[in-house]
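K.L.:
Structure for the following, please:
(chains A and B, ligands or ions: 2)
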Amino acid sequence: MTAVTGETPLQEAPAAATPAAATTTAATTTVDPPPQDPPLQGSGLLGQPLDSREDPQLLRGEAVYVADIDLPGTAHMAILGSPVAHAKILSIETKAAEQLPGVLKVATAADFTDVMPLPCIWIPGGVESHFPPHPYGLPGARPVLTGDTVRHVGDPIAVVVAETPRQAAAALAAIAVEYEPLPVVTRADAALAEGAPQLHEAVPGNLNAYWTCGDKDRTDAAIAEAEVTVELDLVNQRTINSPIEPRGAVGDYNAATGEYTLYASTQGPHNHRFLLSALVLGIPFNKLRVVAPTVGGSFGTKGYLYPDMPLVLLLSKALGRPVKWVDTRTGLMNSTVQGRDHRQHVVLAGTRDGRITAVRATSYANLGAYPSTIGPGVATALMGRSISGMYDIDAAFCEVYAAFTNTVSLGAQRGSGRAEAAFLMERLVDRYAGEIGMDPAAVRRKNLVPKEKFPYDNGLGWTYDSGDYQLNFDRAMELSQYVEMPARKAEARARGKRLGVGIASYVAICGVGPSTRMSKEGMLGGTWESANIRVHPTGEVTVTVGSASTGQSHGTVFAQVAADELGIDPAQVQVYEGDTQKAPYGQGTYGSRSYSMAAPAIALTARKIKAKLVKAGAVFLGVPEDKVVYEGGKVHEEGNEENAKTFAELAMAMWYGWGLPPEIEPALDETTHFDPPDFNYPFGTHVAVVEIDELTGETEVVAYTAVDDAGNIGNPKIVLGQIEGSILHGLGQALMEHAEYDEDGLLVSRDLNHYALPRAADAPFYTLGKTTTPSPHNPLGAKGAGEIATVPPAAAVVNAVVDALSDLGVLHIDMPVTPEKVWRRLRGESQ
Amino acid sequence: MNGRPERFSAQPNELLVERLRDGLALTGTKVGCDTGQCGSCVVRLDGRSVKSCLILTVAAAGSEVATIEGVTTPGGELTGLQEALRQEHGTQCGFCTPGMVMALGELVDNTAEREAPTEPEIREWLTGNLCRCTGYHSVVRGVQRACSAARGEASAEHADAAVSGQEG
Ligand code: FES
Ligand code: FES
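P.N.:
Ligands and ions are numbered 1, 2, ... in the order given. Okay, here's the model as predicted:
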């Protein structure tokens, strides 16, 4: 039955290898400190579960989300999306709509001929040039409105701006569009077949990219020579991320200054500013300001560029008033990027005694109708380079055919790419264990990358930074009481239930990331992160970061980071982000990068402040610089704590600037752009226990254990919440979520009556543990945390279900594992 | 409306949530779906929690409507439930939060006079509210904390926080 996790909050694993000196930055593995960044001397604040300072405002309903923004004179925009999945547009008649009450403007593609298509900035295969091609030149890019051919249900054709949202929505119905239907294809493999409907003239055969990683010859040879091979055909179904806040955008053009302001539910305001000004609108960079207000969840989807963003800006300019658009849930389902969606053939080779020798995956990835901002990268590199997971495998190869179809564009989804990789690998390991008659846990244990092999080149393009996979795995086995499972199975049987156990381990690439490395991956843009710290004359501190929270309590955690390094009270620190006019450049929140990218930038900036205060301290204290110590929020003379200046005194003195030598500028205002030497690689092991009801086929997750390793954690209270939510998101994919298209390309799961999301009663009891292996790639030893626990649950649950049904000869079952599917299997029907 | 009379005329097809958000600028009540599934829009009508996207404004005429804005004064002290949710970090992006607070308020309010709700009961109570961020665990812990505070089972300090505000 369900229970809360209160009893076992993120227990630290017994840290046998931990040096006694370790405090909150305890390491379970010995990792050399990065040469360029000696470990920071924090005050011990990091690692403390400080309460979120954002929460009170959210709990009072006072936070302002984009739909709550009400600028004077705002007009309201509605978007007409295509009702059909594939058709030529023969004509669009807007006159009737223009006559309706309150309607201010109706616009179609013809009104935006000088606007560039929405760029895709992740080109699978890499971009080596410092001067990459203009991404809007890429074939298949989505126009701001579709003029000639619609390619998915919801493809935007026209917009109405009216005095009220109701008038705008009503006017959509009066726009008459004549379509000539075209054949529809919704599956990637079908789109690549001979004679398939063609989506883009410039993309013959619908193939966006054929992408590979690893060593094909070596892998093929290993498979040919193997003692044992197992194969699976897998469908990683399409899912909809479903943040509870639908997207929205408000455009505000100021004719007097020529400046545009976009308020949008974005997780990357700077990125959106860059893409919109430089690549779509062709307006000066410094004339566009992007503001992210409070954002109601994203999980990947709100980092993408959508037609509504340029549209509200252009229409605001045209009408001389702010223009606001807020999506509906059905609109979101038919326009916001969707996730996963691979059809795969996967092979694993090994020895009779459980040593994995090779893994090979062929995947057909469904990109949808247009390449989204970074969708092609999610479907290729983010998935393919992770497929070998936590295992030390000699030969691995992955190939992805990324295809266009008549569906909503593909994008990121909490755990994107890594979850798909973990699913295929962890299903294969269980299949292999079954084939050789070995315990799945024993097979895994035998193949884990050994501790001494780090940094570990996985042969697929990633080099894992650090880890103690054995410790992590053993902790998961212990916490889940894995050895008790045979007894629990027998006990369940006596109650008429089938009990199954499923393990899934994973490595998630996070900390995107090293800009040069990402260019080799095909990312058209830097992926560093920045922070500014300004110390005010009164001793209060403002931290601004380029990142932008979508619910991760950045205001709390980033203040903690700055306060820790400066040795001051976090209450003195205020954090600002999300407004390109106020914050330094940055790339935003995605791929669980904020804590391992923005927080190091803050810590390094705080160090610059401290270094300056040591220099200035020499003047103020009247001693040589090498006799000045910065400690506990003050400077003092080495060996003489009486000769000291507090942080507040220093702040005021630096503001006045009196008596400073010419080489020390007055004031304290520093910025860092942090571009790490490489990614970081959190990892973990999850164990799901399910019970299947023989009569109904219903699967209940009766126990769930997760042991994750996210390196050094800044605020465990915040991370605990993210882990709990992430697990349920993964369980959602395993058990109920499915973006289902019918053969005409209509999205059947078009609203929350037709698309199941986990509710409170669906969340099982979790037992959570952690191990801590700091990353050497940033000065905090941090690894990604926010979404990593979404990576393994789907694999763990499906493994558990297959385990429960294994005596019936069931080797695999596709997600979502609905009662009907299981019920059919219980009656001997095939998939 | 939150204890104050409001007088206006409404179109027969106007939804209560539209009146609250657009007409009265009470934007704490959120809209997350078109179909009454998400619970972001829950308000209390004569003390009972209802989805304001499923009820016409005219149907609320003559009733007492309580929204999240009426729960506390702006920037004011949190109620016991809000304080408990804060301590358990029962909110992340916060979009579902006002609806949760309004729905759960009804449960917590009545807890002093009856048995404390069991965990399955709390989860059942939450079935009308979707949250994509938290996985609900921290919310459930928050409700348990709030209920035990309301029943005087927690520390004095905690109980103080619980009785300092009023629900709904
Ligand atoms: S907006 Fe009312 S239930 Fe979703
Ligand atoms: S806190 Fe984000 S949806 Fe609940």
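
K.L.:
what sits up against stretch A:570-580?
P.N.:
A:45, A:50, A:269-270, A:273, A:288-293, A:539-549, A:554-555, A:558-560, A:562-563, A:582-583, A:586 (C-beta atoms under 8 Å, 6 or more residues apart in numbering or on different chains). Glycine gets a C-beta too; all of them are placed from N, C-alpha and C.

K.L.:
ok, 6 Å please
P.N.:
A:269-270, A:273, A:289-292, A:540-545, A:547-548, A:555, A:558-560, A:562-563, A:582-583 (C-beta atoms under 6 Å, 6 or more residues apart in numbering or on different chains).

K.L.:
Tell me the spacing between the residue of chain A found nearest chain B and A:T542.
P.N.:
Of all residues in chain A, A:G61 sits closest to chain B, at 2.5 Å by C-beta to the nearest C-beta. Counting by C-beta to C-beta, to the nearest Å, the gap from A:G61 to A:T542 is 26 Å.

K.L.:
more neighbours, the two?
P.N.:
A count of neighbours by other C-beta atoms under 10 Å in any protein chain shown puts A:G61 above the other of A:G61 and A:T542, at 24 against 16.

K.L.:
A:W528 contacts A:P676, correct?
P.N.:
No - judged on C-beta atoms under 6 Å, A:W528 makes no contact with A:P676 at a distance of 8.1 Å.

K.L.:
which of those two has more neighbours?
P.N.:
Neighbours per residue (other C-beta under 10 Å) separate A:W528 from A:P676, with A:P676 holding more: 28 against 21.

K.L.:
What pLDDT is listed against the closest residue to that one other than its chain neighbours?
P.N.:
Excluding the flanking residues, the one nearest A:P676 by C-beta to C-beta, 6 or more residues apart in numbering or on different chains is A:H777, at 4.7 Å. Here, the pLDDT recorded for A:H777 equals 96.

K.L.:
again, but for A:T5
P.N.:
37.

K.L.:
Remind me what the helix or strand encompassing A:V702 packs against, helices and strands.
P.N.:
Assigned by DSSP states H and E, A:V702 belongs to strand A:699-709. Taking 3 or more C-beta pairs under 6 Å, 6 or more residues apart in numbering or on different chains; DSSP states H and E as contact, the helices and strands that strand A:699-709 lies on are helix A:469-479, strand A:683-693, strand A:766-770.

K.L.:
hmm, the last one touching chain B?
P.N.:
Spelled out, it's strand A:766-770. No - residues of strand A:766-770 are not located near chain B by C-beta under 6 Å from any C-beta of the partner chain, the shortest gap being 6.9 Å.

K.L.:
Centre-most residue in chain B?
P.N.:
Geometric centre of chain B, nearest residue: B:M102, 0.9 Å, by C-alpha atoms, centre = their mean.

K.L.:
Without its sequence neighbours, what residue ends up closest to that residue?
P.N.:
That would be B:V42: by C-beta to C-beta, 6+ apart, it lies 4.4 Å from B:M102.

K.L.:
which residues does that neighbour bridge with?
P.N.:
B:K51 (DSSP bridges).

K.L.:
Could you give the number of residues near it?
P.N.:
29.

K.L.:
now the strands: where do they sit in chain B?
P.N.:
Taking DSSP state E, the strands of chain B run over residues B:42-45, B:48-51, B:65-66.

K.L.:
Let's see the first one as PDB, backbone CA atoms only.
P.N.:
This file holds the C-alpha atoms of strand B:42-45, laid out as PDB (Å, rounded to 0.1, in the frame of the first residue of the first chain):
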ATOM      1  CA  VAL B  42     -10.100  24.700  -7.000                       C
ATOM      2  CA  VAL B  43     -11.800  27.300  -4.900                       C
ATOM      3  CA  ARG B  44     -14.200  26.800  -2.000                       C
ATOM      4  CA  LEU B  45     -17.800  27.500  -2.500                       C
END
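
K.L.:
What lies in contact with it?
P.N.:
Residues contacting strand B:42-45 (C-beta under 6 Å, 6+ apart): B:29, B:49, B:51-52, B:63, B:65-67, B:99, B:102-103, B:168.

K.L.:
Out of these, which comes closest to A:D457?
P.N.:
B:G99 (48.6 Å; C-beta to C-beta).

K.L.:
wait, isn't that closest one in contact with B:Q37?
P.N.:
No - between B:G99 and B:Q37 there is no contact under C-beta under 6 Å: 11.5 Å.

K.L.:
Those two: which is more packed in?
P.N.:
Per other C-beta under 10 Å, whichever of B:G99 and B:Q37 has more neighbours is B:G99, with 30 against 23.

K.L.:
What pLDDT does the model give that one?
P.N.:
Note on B:G99: pLDDT of 98.

K.L.:
which residues touch it?
P.N.:
For B:G99, the contacting residues are B:39-40, B:42, B:129, by C-beta under 6 Å, 6+ apart.

K.L.:
Give me every residue in chain B that's in contact range of ligand 1.
P.N.:
B:31-33, B:36-41, B:51, B:53 (C-beta under 6 Å from any ligand atom).

K.L.:
if you set the cut-off to 8 Å instead, what comes out?
P.N.:
Applying C-beta under 8 Å from any ligand atom, one finds that chain B approaches ligand 1 through B:17, B:30-42, B:51-54, B:99, B:128, B:130.

K.L.:
Pull out the buried members of those residues.
P.N.:
B:17, B:30-35, B:37-42, B:51-53, B:99, B:128, B:130 (16 or more other C-beta atoms under 10 Å in any protein chain shown).

K.L.:
which of those residues come close to ligand 2?
P.N.:
Among those, ligand 2 is touched by B:L130 when using C-beta under 8 Å from any ligand atom.

K.L.:
And for A:A176, nearest residue in space, chain neighbours not counted?
P.N.:
A:E93 (4.1 Å).

K.L.:
okay but the one you found is in contact with A:E178, surely?
P.N.:
No - with contact defined as C-beta under 6 Å, A:E93 does not reach A:E178; the gap is 8.0 Å.

K.L.:
On the pLDDT front, check A:P38 for me.
P.N.:
Value for A:P38, per-residue pLDDT: 41.

K.L.:
Around ligand 1, pick out the residues from chain A.
P.N.:
Residues of chain A lying near ligand 1 (C-beta under 8 Å from any ligand atom): A:329, A:752.

K.L.:
Dead centre of chain A: give me the residue that sits there.
P.N.:
A:G591 (3.4 Å).

K.L.:
is it true that that one touches A:I509?
P.N.:
No - here A:G591 does not reach A:I509: they are 7.8 Å apart, not a contact under C-beta under 6 Å.

K.L.:
Pull up the gap between the residue of the stretch 1-150 of chain A found nearest ligand 2 and B:R123, please.
P.N.:
Relative to ligand 2, the nearest point of the stretch 1-150 of chain A is A:L58 (7.7 Å; C-beta to the nearest ligand atom). Distance, A:L58 to B:R123, by C-beta to C-beta: 21 Å.

K.L.:
do A:A264 as well
P.N.:
34 Å.

K.L.:
rewinding a little: most neighbours per residue, which of the helices and strands packed on strand A:699-709?
P.N.:
Greatest average neighbour count among those goes to strand A:683-693 (a mean of 27), per mean count of other C-beta atoms under 10 Å in any protein chain shown.

K.L.:
CA-only coordinates of it in CSV, if you can.
P.N.:
What follows is strand A:683-693, C-alpha atoms only, in CSV (Å, rounded to 0.1, in the frame of the first residue of the first chain):
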residue,chain,number,x,y,z
PHE,A,683,24.1,7.4,-11.9
GLY,A,684,22.1,5.1,-9.8
THR,A,685,20.1,1.9,-9.3
HIS,A,686,16.4,1.5,-8.8
VAL,A,687,14.4,-1.5,-7.8
ALA,A,688,10.7,-1.9,-8.4
VAL,A,689,8.5,-4.5,-6.8
VAL,A,690,5.1,-5.0,-8.5
GLU,A,691,2.1,-7.2,-7.8
ILE,A,692,-0.1,-8.3,-10.5
ASP,A,693,-3.7,-9.1,-9.9
